[in-house]
Structure formats: structure tokens, C-alpha cells
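Visitor: no FASTA, just this:
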């Protein structure tokens, strides 16, 4: 009995995982180009998520950057990356590297909004996000 | 205790010391980055702190389950050898990871911030542990006590979730940012469940041995809660990504499953009286105190987890320090307390002289008190940030953070006190490790 329940759960987990991999994204945005991929690699190599968040996930030192391109514009973001601030170190990036990070952030921006508006909360407590 | 377990215990305690020291320095670097940016910036300190904490928990959990398993039956020589190689490779890889952090080489994944190729030796070492442990485990005839199942579940699911955590290295997973972030947090969330299985298994073992009542680990209730926690390990990770615009059912399934955690909560309240009586009877035991402390922290963090699992509330708490309070409350308050109790039992701290026992007791109370202040500060900082972000939106990030920083100054001070308490215990344990006979 114990083993049967265990195996049932593990099978459900395997099935759910497989289904999730193929169907969790219902937006189907265009695949990232080379520049975006380079930007993502750089984002990781410089450990940007230690201080910044994307979709509220990451560090707390700086602001969430999910929608910063649409909210502030790429020039604003570029200035911060290029020179740093008192709190943010200057990472001494080349122009092409700054452009690729901006391309990556624009791609993330196009995937959705980080903040959930109050009218998207269902009475059961869950969100209705399309 | 054999050389492998001894090395793992010593290494895990050193990792614990690294965690608290790096954590305290990182908290001050967060407050005054301009003083740290040229020497050792926050983005370098955070991975040291986080990786040391993760590896302390995992290494500590493995040392405990290996030691306790062998109290029942000795490992076979082939198993011993595989586990010996696992320990050597595991420890070496972790040291290499810290070397890469020191030269600012990162992989930039949340919790796993080292260069991605280092996942290969980590995985190989874990497979060796599995080979060594499972060939031994299948030959144990009497596995009625549930800790046997919990240890095996933890080891197996750590491997699964660790592989899943690295799937981003396959290009297909990066073709969609939503898929990438979903899989990443699915793996992270489930991995916490995996190490909890190992740690709670040791806690159950300890309870059974201390009370001398093996039925604690064999009754129907404990089996029911095992399956409930396994279900949560598999499906309750979605609260991390409620706000990510994935398909709606991902969110709804997680929300539904997370609400089953109320059963843990109800069970804790129902067993409160009997636990209180038992704690009065056994409070003279140092190791038991750690287990009782972990239960109290479980209670507080479970309330927080239940609240955060409701999307309508998560809307306010997500991305605030309430999430950090939950993460640190569980890793320090629950995981570290159980591990310190379990390692203390392994090191036979009850047999130490009065002076050492008094030192551990002092460390224990300093830790509990500091952790309470530490945890409350994070909750308050989280409420403050949530209020200024969602209810009374401030114009800029700096404005949102101004009052939060004030609270975090108290948090950083309590961090120093927490460092004192935990170091007192860890250093006493390390010194008493010397007197344990090697078999």
C-alpha cells in the first residue's frame, strides 16, 4: 500500500513536470536572438541578480528591473550601467555589453508585468492573469 | 565515527561559521555599499553567504543521516569507498566554488551562483553518495521506521531537483523566459523539500531515540504527514512565481496544494499539550532543546508560509523582506536548529563537562533571542516595503527603501549577536569533535 501510494505520487510528479515544461508559457514570445542571449549570459556572469530582481526574484539592494525599460527608457538604464552610482558599482562594461544587457532586459520586459494589479485578484484569493 | 563522517561534520560546521561571518559582513555592505564596493562588494559577499548556508545544510544533513544509519548497521566496504570519494569530491568542489567567488567569477543563478561547469563534479559526487547509500539501504531489512524512507527520499529528490536546476543550460529551456524562470523556481522550491526530508528524518530519528519510543516513527499519523510533505515537495513551489504570467493552472495547482499545509498547522496545535509535557520532562537534554526550538520556529514560519501562499497576500509580500524572513527563519530557525541538535547528539554533548555544556546553553539562548529580533526586523522591513510599494506608492526606489534601511540597521546589529551565539555552539562542537574516537 505504502509503495503504491509512493509510486502514484512519483508518476503524477513526472507527468506534471513534463506537461509543465511544454505548456507553462502560454505567451509564446519570439525566441531570443544572439544579443539577448549574450545579455542574459552577462547578467549571470556579473551576478546582477544578487542585487536586482526580475519578477520580484533576486536581491534587494537595487530595484526590480522587469519593466524598467518600458517605464524609464533604455537611455536611463544605460546611464546607470555605464557609470554606476554610490550604491551600484561601475562594472566597466564595453558598449556592446551594455547594449546586450539592455536587449535582455527589453526581452524580459516584453514577457509581462512584474506587479499584479488589484483587479486581477479573484475572490478565491488567486490571480487571473492572461 | 569514521573518518568520512568526521570530515563531513567538521566541514559542515566550518561552512556554518562561514555563513554567519559572510552574512554579517554582507548585511553591513548592504547598508553602506560605498565603503565596500572597491574591496568586497555586496554581489560578491551574497554568493559566499548563500552558498555556505546551502552547503552547510546539505552537508550537515548528509553527515547526520550517514552517522545515524550506521548506528543500525555498518556500511559495506564498497559503499564506504563510494561515500569516501563522494565526501572528498564534494568538499573539494565547494572549496573551488569559494575560490571562484574570491576572483569574482559567477554563474549568476539564484542560490547556485557559481560557474555552471562546477555542477558536474557536484552531480558526480552526489551520484557516488547515492550508489554507496542505496546499495546499503536496500539491504536494511527492517525499514518500518519512517526516517529510513525520509532519508532515501531526500537523497533521491536532491539529485532530481539539482539536475532540473541545471536544465537552463539546454538552450530549449532558455527560448522562453517564462519557462526558464518557472523551471528554475520549481527546482529551487522542490529542492528545499528534498533537504527537509533528510533533516526531518534525522529529527524523527532523534525524537525516537531520545524518548525511547520507536512507535513515534512508525505510526499512521507520521506516514500521512510524510505523504503530505512529499506532495508539497512535488507541487508546492508556485508561490515563488505567482506574479510571473505563466499559464493560470500553474498558479492554481500550487495555491491548492499549499493550502494542505493548514493540516500541519492544525496538527501542531493539537499536539501542543503533549509536546509541552514532553519538553518539560526532557528539557535538561541539550540536544532536545534544539529540537524544541526548531518546533517553535516551524510554528512561526508556517504561519508566514501559509500567508505567503495565498496569492492575494503574496501580492504584497512578494519581493519584500518578508520573503527573506521566511527563508532565513526556516534555514536558521528550523534546519540549523535540528542539525545542531542532531550533530550534538552525534558528538555526545550530554557527556561533556559542565563548563562546555554551559557554553552551549549560553550560545543556544543568545541564538534564539537574536534570531527573534532578526526575524521580526525582516518582517517589519517587509511590511514597510510592501506598504510603500503597493498601498502608498513612493516615487522612487530610494524613497521606498529609506525607512526599510532604518529597520535593517537593527537587523544587522542582531546579526552580530546571532553570529556570537551560533559561533559559540559551532566552535564548542568543533573542539569536542577532537575527543570522538575514529573507528
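Guide: Structure received. Note that the structure is a prediction, hence the values are computed from the model and not measured. Numbering: from 1, shown residues only, chains lettered A, B, ... in the order given.

Visitor: Looks to me like residue B:144 is in a strand.
Guide: No: the assignment for residue B:144 by DSSP: H, G, I helix; E, B strand; the rest coil gives coil, which leaves it out of any strand.

Visitor: Neighbours of it, how many?
Guide: One way to gauge burial is a neighbour count; for residue B:144, by other C-beta atoms under 10 Å in any protein chain shown, it gives 11. Quick note: C-beta positions are derived from backbone N, CA and C, even for glycine.

Visitor: which residues does the spatially most central residue of chain A bridge with?
Guide: Among the residues of chain A, the one closest to the centroid is residue A:54, at 4.1 Å (C-alpha atoms, centre = their mean). Residues in a beta bridge with residue A:54, per DSSP bridges, are residue A:57.

Visitor: Straight-line length of stretch B:65-83, end to end?
Guide: Criterion C-alpha to C-alpha, to the nearest Å; first-to-last residue distance in stretch B:65-83 is 12 Å.

Visitor: what sits against residue 78?
Guide: This is for chain A. A:98, A:102 (C-beta atoms under 8 Å, 6 or more residues apart in numbering or on different chains).

Visitor: meant chain B actually
Guide: Residues B:132, B:135 are the ones in contact with residue B:78 under the rule C-beta under 8 Å, 6+ apart.

Visitor: quick revisit: show me the contacts for the residue nearest to the centre of chain A.
Guide: Remark: with contacts taken as C-beta under 8 Å, 6+ apart, residue A:54 is in contact with A:64-66, A:108, A:114, B:181.

Visitor: Give the burial count for the closest residue to residue A:90 other than its chain neighbours, as a bare number.
Guide: Sequence neighbours aside, residue A:84 is the residue nearest to residue A:90 in space, at 3.5 Å (criterion: C-beta to C-beta, 6 or more residues apart in numbering or on different chains). Residues near residue A:84, counting by other C-beta under 10 Å, number 14.

Visitor: pLDDT value on the residue nearest to the centre of chain A, please?
Guide: At residue A:54 the predicted local confidence, pLDDT, stands at 95.

Visitor: I'd like to know how far it sits from residue A:75.
Guide: Noted for residue A:54: a distance of 20 Å to residue A:75, by C-beta to C-beta, to the nearest Å.

Visitor: elements contacting the longest helix along chain A?
Guide: Longest helix in chain A by number of residues, with DSSP state H as the criterion: helix A:2-23. Other helices and strands packing on helix A:2-23, by 3 or more C-beta pairs under 8 Å, 6 or more residues apart in numbering or on different chains; DSSP states H and E, are helix B:177-211, helix B:220-235.

Visitor: what inclination does the shortest one have with respect to helix A:2-23?
Guide: Just to be clear, that refers to helix B:220-235. For helix B:220-235 against helix A:2-23, the angle between stretch directions is 20 degrees (axes from the mean of the first three to the mean of the last three C-alpha atoms, to 10 degrees).

Visitor: Low-confidence stretches in chain A?
Guide: Counting by pLDDT under 70, the ranges of chain A that qualify are A:130.

Visitor: which residue ranges form the helices in it?
Guide: Read by DSSP H, chain A holds these helices, from start to end of the chain: A:2-23, A:34-45, A:68-72, A:74-83, A:95-109.

Visitor: Quick check: buried residues in the fourth one?
Guide: Within helix A:74-83, the residues that qualify as buried by neighbour count (16 or more other C-beta atoms under 10 Å in any protein chain shown) are A:74, A:77, A:80-81.

Visitor: Same question for the second one.
Guide: Buried residues in helix A:34-45, counting neighbours by 16+ other C-beta under 10 Å, are found at A:35-40, A:42-44.

Visitor: do the longest one as well
Guide: When neighbours are counted by 16+ other C-beta under 10 Å, the buried residues of helix A:2-23 are found to be A:9-10, A:13, A:17, A:20-21.

Visitor: out of the residues you listed, who's nearest chain B?
Guide: Top of the list for closeness to chain B, among the buried residues of helix A:2-23 and by C-beta to the nearest C-beta, is residue A:13 at 4.2 Å.

Visitor: distance of that closest one from residue B:237?
Guide: 11 Å.

Visitor: again, but for residue B:287
Guide: To residue B:237, residue B:287 is 32 Å away according to C-beta to C-beta.

Visitor: Establish whether stretch B:232-240 and chain A are in contact.
Guide: Yes: judged by C-beta under 8 Å from any C-beta of the partner chain, stretch B:232-240 comes into contact with chain A at B:234-235, B:240.

Visitor: Can you tell me what sits against that stretch?
Guide: With contact meaning C-beta under 8 Å, 6+ apart, stretch B:232-240 is reached by A:9, A:12-13, A:16, A:57, B:157, B:185-186, B:188-190, B:193-194, B:196-197, B:250-251, B:253-255, B:257-258, B:260-261, B:308-309, B:311, B:314.

Visitor: What residues does the stretch 1-150 of chain B have near chain A?
Guide: Within the stretch 1-150 of chain B, the positions near chain A by C-beta under 8 Å from any C-beta are B:30, B:33-34, B:37, B:41-44, B:46-47, B:105-110, B:113.

Visitor: repeat that for 6 Å
Guide: Contact residues (C-beta under 6 Å from any C-beta of the partner chain) of the stretch 1-150 of chain B with chain A: B:30, B:33-34, B:37, B:41-43, B:46, B:106, B:108, B:110, B:113.

Visitor: Around chain A, which positions in the stretch 301-439 of chain B sit nearby?
Guide: The stretch 301-439 of chain B has residues B:310-312, B:315, B:318-319, B:397 near chain A, with proximity defined as C-beta under 6 Å from any C-beta.

Visitor: Residue nearest the middle of chain B, spatially speaking?
Guide: Within chain B, the residue whose C-alpha comes closest to the C-alpha centroid is residue B:331; the distance, by C-alpha atoms, centre = their mean, is 3.8 Å.

Visitor: Nearest residue to it in space, please, no chain neighbours.
Guide: If the residues on either side of it in the chain are set aside, residue B:331 comes closest to residue B:53, at 5.9 Å by C-beta to C-beta, 6+ apart.

Visitor: Surely the one you found is in contact with residue B:19?
Guide: Yes: the pair formed by residue B:53 and residue B:19 meets the contact definition of C-beta atoms under 6 Å, at 4.4 Å.

Visitor: circling back to that earlier point, hey, which of the helices and strands packed on helix A:2-23 is tucked in deepest?
Guide: helix B:177-211 (a mean of 23; mean count of other C-beta atoms under 10 Å in any protein chain shown).

Visitor: touching chain A at all, that one?
Guide: Yes: taking C-beta under 6 Å from any C-beta as the criterion, helix B:177-211 and chain A are in contact, through B:177-179, B:182.

Visitor: returning to what we had before: how far does the longest helix of chain A sit from its chain's centre?
Guide: Going by C-alpha atoms, centre = their mean, to the nearest Å, the spacing between the C-alpha centre of helix A:2-23 and its chain's C-alpha centre is 27 Å.

Visitor: and the angle for that helix with helix B:177-211?
Guide: The directions of helix A:2-23 and helix B:177-211 differ by 160 degrees, with the same axes, to 10 degrees as the criterion.

Visitor: which residues sit against helix A:2-23?
Guide: B:230, B:234 (C-beta atoms under 6 Å, 6 or more residues apart in numbering or on different chains).

Visitor: What of stretch B:302-312?
Guide: Residues lying outside stretch B:302-312 but in contact with it, judged by C-beta under 6 Å, 6+ apart, are A:121, A:125-127, B:239, B:242, B:258, B:261, B:265, B:313-314, B:317, B:326.

Visitor: so of the residues you listed, which ones are in strands?
Guide: The subset of the contacts of stretch B:302-312 located in strands under the criterion DSSP state E is empty.
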